[in-house]
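just to be clear, the model below is a prediction. Sequence and coordinates:
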Amino acid sequence: MYDLPSFNVKIPGFLKNKIFWGTISVIFVSSLSGFLAGAIYYNYFSPGVANYAPKLNIGIFGDKSAEQQTVYLPQTSQEDAIIGVVNELSPAVVSIIVTKDVPIIEQYYTNPFQDFGDFFSPNFLVPQYRQKGTEKKEVGGGTGFIVSEDGMILTNKHVVSDTEADYTVLTNDGKKYPAEVLARDPIQDLAVIKVDSNRIIDSGGEMVIKGFPTVPLGDSDRIQIGQTVIAIGNTLGEFRNTVSVGVVSGLGRTITVSDGSVTETLEDVIQTDAAINSGNSGGPLLNLKGEVIGINTAMVQGAQSIGFTIPINKAKKDINSVKSSGRIIYPLLGIRYVLINATIRQDNNLEVDYGALIQKGESGEEAVSPGSAAEKAGLKEGDIILEINGEKITTENTLAEIIMKYNPGDKVALKILRDGSEKTLEATLTERTQ
C-alpha cells in the first residue's frame with residue numbers, strides 16, 4: 001500500500017465565483033443539446049421529411065425539380081373529379097365546322113350617260129355589283145361528341161341543318177375529318193353525323209383501324225337539382241373544348257327556341273347555370289362520374305347563366321335507331337292539339353282540366369291529318385284524349401312524351417271524352433317522316 005504525497009494547492013478566488021460557474025454550465029449544456037438534436041434529426045427525422053415533402057408539394061426539403069414546381073394538385077375531391085373528367089373525356093368532344101360555297105361579289109362602275117356622249121358628265125360613275133364565281137367559306141360551327149368507336153357523333157340538329165353545306169369534324173388533337181349527316185331528328189333538336197374510321201399505320205407497317213375515343217352515356221332520369229355538372233364545347237366557334245362548371249338549376253322545363261329561321265318547342269329539358277355560349281351547341285353536359293347526361297342546346301339571350309340541355313335519355317333512342325335502321329324513326333298519331341290546363345278549360349268551357357284537346361292549327365291546318373292513324377281510329381276535332389294505354393295526359397306528362405315511348409306499328413288504346421261521354425278507341429301508330 002502506497003500513500004500519495006500530499007500537496008498544498010491554492011485555488012484562485014475567481015474560480016470560487018458562483019456566477020462564473022453557472023454561465024459555463026449553461027453554455028456547455030446548450031452546446032451538448034444542440035449537437036444531440038442535430039444527430040437525431042439527421043439520422044431519424046430528416047429522411048422521412050425529405051421523402052414526404054414532395055407529396056405535400058412543399059418543396060423545401062426535397063428535390064425542387066421543374067416538374068414538382070409546376071404540377072398543380074387539386075385542393076378538394078370535387079375539384080379533383082372535375083379535372084379527371086375533363087382530362088379523360090375531352091378527346092371525345094369535337095368541333096364541327098360548317099362550310100359552304102358562297103358567291104364572290106365584285107364591285108364595278110358604269111356611266112349611265114355614256115350613250116349620250118361627253119356632254120352628259122363623262123366622269124359620272126355609278127357603282128354596280130355582280131357575281132364572280134364562288135368560294136368555300138366557313139359559315140357556322142358547333143360541337144359534338146363521339147358515341148361509338150367507328151366515328152358516330154351526336155350533336156344538335158340546328159348545327160347541321162343546312163343540307164347544302166359541307167361539315168368537317170376537328171378533334172381535340174387538331175386532326176380534321178369530313179363528316180356525313182346520317183339523320184336529323186324530326187321532333188327534337190338532335191342529329192347524328194359520322195366520320196370515317198381512324199386508320200393508322202402500326203409498328204409493322206400495316207394499315208389498321210383505330211377506334212375513336214368515346215364518352216359513356218349516363219341516365220338523365222336520375223338527375224337531381226343542385227348536382228354539379230360540366231359543359232364542354234367549341235365556344236364562339238373559336239375556342240375549342242372550353243370548359244364551364246355549374247349545377248342543375250331546374251328539370252322538366254319547356255322552352256321555345258329559334259335560330260332566326262326555324263322556331264320549335266322543346267319539352268322536358270334540363271336547365272343549368274353552367275355557361276353555354278354560342279358554339280357550345282351539341283356539346284355534352286357531364287356529371288362528376290364522367291357520364292353524359294345532356295346535350296347542350298340553347299341559352300337565354302340577355303340573361304346570365306341560364307342554359308338548357310336535352311336529356312341524354314331522349315337521344316339514346318335516336319342513336320339506337322340510326323345504328324339499326326340508318327335513320328331516326330318516330331311514331332305518329334296524326335293530330336293537332338293543345339294540352340288542357342286551368343286557362344284552356346275556362347276559355348273553352350271544358351269538363352276536365354287535363355288531357356289533349358284536338359283542334360285546328362293556328363294557320364287553319366287540319367285537326368286530324370287525312371289518312372293518319374288518328375283518322376283511321378275515328379278521332380275528330382273537339383275530342384279530348386284523356387289517356388293512352390291507361391297513362392294520363394297532363395301538362396307534366398304530355399301526349400308527345402307518351403307517344404315517344406312507342407314505335408311505328410304499335411297499337412295503343414285511346415281513352416277519349418266526346419260530347420260528355422267517355423269511350424275507348426284503338427289506333428295503330430304510323431311512322432313520322434321529316
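All right, it came through fine.

skipping adjacent residues, who's closest to Ser249 in space?
Nearest in space to Ser249, with sequence neighbours left out and distances taken as C-beta to C-beta, 6 or more residues apart in numbering, is Gln271 at 4.4 Å. C-beta coordinates here come from the backbone N, C-alpha and C atoms, glycine included.

Ser148 reaches Pro216, doesn't it?
No: between Ser148 and Pro216 there is no contact under C-beta atoms under 8 Å: 11.8 Å.

and those two? which has more neighbours close in?
Ser148 (16 against 13; other C-beta atoms under 10 Å).

now do stretch 384-391, average pLDDT.
Stretch 384-391 shows a mean pLDDT of 94 in the predicted model.

stretch 318-329 too?
On average, stretch 318-329 scores 88.

quickly list what the residue nearest to Ser249 is bridged to.
Judged by DSSP bridges, the bridge partners of Gln271 are Gly250, Phe308.

and it, how far is that from Val247?
Distance of Gln271 to Val247, computed by C-beta to C-beta, to the nearest Å: 10 Å.

who's more crowded, the two?
Gln271 (19 against 15).

correct me if wrong: the more buried one contacts Gly246.
No: Gln271 is not in contact with Gly246 according to C-beta under 8 Å; the separation is 10.2 Å.

quick check, pLDDT for the residue nearest to Gly334 when sequence neighbours are not counted.
What sits nearest to Gly334 in space, not counting adjacent residues and going by C-beta to C-beta, 6+ apart, is Ser372, at 2.4 Å. On pLDDT, Ser372 comes in at 92.

shouldn't Ser372 be in contact with Pro331?
No: between Ser372 and Pro331 there is no contact under C-beta under 8 Å: 11.4 Å.

intersection of neighbour lists for these two?
By C-beta atoms under 8 Å, 6 or more residues apart in numbering, Ser372 and Pro331 have these common neighbours: Thr430.

please give me every residue in contact with Lys132.
Lys132 touches Ile104, Ile105, Glu106, counting by C-beta under 8 Å, 6+ apart.

C-terminal to the one helix or strand it maps to, what's the next element?
With secondary structure defined by DSSP states H and E, Lys132 is part of strand 126-146. Using DSSP H and E, the helix or strand that follows strand 126-146 in sequence is strand 152-155.

who touches whichever helix or strand comes after that next one?
Using DSSP H and E, the helix or strand that directly follows strand 152-155 along the chain is strand 166-170. Strand 166-170 is contacted from outside by 94-100, 136, 144, 153, 160, 176-181, 193, 195, 240, using C-beta under 8 Å, 6+ apart.

among those, the buried ones, what's the PyMOL command?
Under the burial definition 16 or more other C-beta atoms under 10 Å, those of the contacts of strand 166-170 that qualify are selected in PyMOL by:
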select buried, resi 94+95+96+97+98+144+153+160+177+179+181+193+195+240
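
just the ones of the contacts of strand 166-170 in strands?
94-100, 136, 144, 153, 176-181, 193, 195, 240 (DSSP state E).

OK, contacts around Thr430?
With C-beta under 8 Å, 6+ apart, Thr430 has these contacts: Pro331, Leu332, Gly334, Ser372, Ala373, Pro408.

same question, Arg199
Met207, Val208, Ile209, Lys210.

for it, helix, strand, or coil?
Secondary structure for Arg199, judged by DSSP: H, G, I helix; E, B strand; the rest coil, is strand.

partner residues bridging it?
Ile209.

what's the answer for Ser244, then?
Ala231.

that one: neighbour count?
21.

how far away is it from Phe145?
Counting by C-beta to C-beta, the gap from Ser244 to Phe145 is 15 Å.

would you reformat the contacts of Arg199 as JSON lines and include neighbour count?
Listed next are these as JSON lines, based on neighbours: other C-beta atoms under 10 Å:
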{"residue": "Met207", "neighbour count": "8"}
{"residue": "Val208", "neighbour count": "11"}
{"residue": "Ile209", "neighbour count": "12"}
{"residue": "Lys210", "neighbour count": "11"}
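
could you export these as TSV, including distance to Gln227?
As requested, the contacts of Arg199 are arranged in TSV below (distance: C-beta to C-beta, whole Å):
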residue	distance to Gln227
Met207	44
Val208	40
Ile209	37
Lys210	34
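
what's the closest of the residues you listed to Gly307?
Relative to Gly307, the closest of those is Lys210; by C-beta to C-beta it sits at 34.1 Å.

can you show me the helices along the chain?
Ranges of helices in the chain, per DSSP state H, are 18-40, 46-56, 66-70, 77-89, 312-325, 342-348, 373-377, 399-403.

in stretch 126-136, which of the residues would be classed as buried?
Within stretch 126-136, judged by 16+ other C-beta under 10 Å, no residue is buried.

what's the burial count for Gly211?
12.

try Gly279
Neighbours of Gly279 (other C-beta under 10 Å): 23.

can you check Thr263 too?
So Thr263, with other C-beta under 10 Å, has 9 neighbours.

go on, Pro186?
That count, for Pro186 with other C-beta under 10 Å as the rule, works out to 15.

my guess is it meets Ile329, correct?
No: with contact defined as C-beta under 8 Å, Pro186 does not reach Ile329; the gap is 9.5 Å.

shared neighbours of those two, anything?
In contact with both Pro186 and Ile329: Arg432, using C-beta under 8 Å, 6+ apart.

can you list the domains in the protein?
Domains of the chain are assigned by automatic domain parsing as 11-73, 220-312, 330-432.

columns distance to Pro127 on top of these, output as a markdown table?
Formatted as a markdown table, the domains of the chain follow (distance: least, C-beta to C-beta, whole Å):
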| stretch | distance to Pro127 |
| --- | --- |
| domain 11-73 | 58 |
| domain 220-312 | 29 |
| domain 330-432 | 42 |
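
of these, flag the one that's most buried.
domain 220-312 (a mean of 19; mean count of other C-beta atoms under 10 Å).

spit out the contact partners of Asp318.
Leu154, Ala183, Asp185, Gln188, Leu190, Val192, Ile328.

distance of the spatially closest residue to Asp185 that is not a sequence neighbour relative to Ile384?
Take Asp185 and drop its neighbours on the chain: the residue closest to it by C-beta to C-beta, 6+ apart is Ile328, 5.2 Å away. Plainly put, Ile328 is 30 Å away from Ile384 if you go by C-beta to C-beta.

and Arg253, by the same measure?
Arg253 is 25 Å from Ile384, by C-beta to C-beta.

check contacts around Val94.
Val94 neighbours (C-beta under 8 Å, 6+ apart): Thr143, Gly144, Phe145, Ile146, Ile153, Val169, Leu170, Thr171, Asn172.
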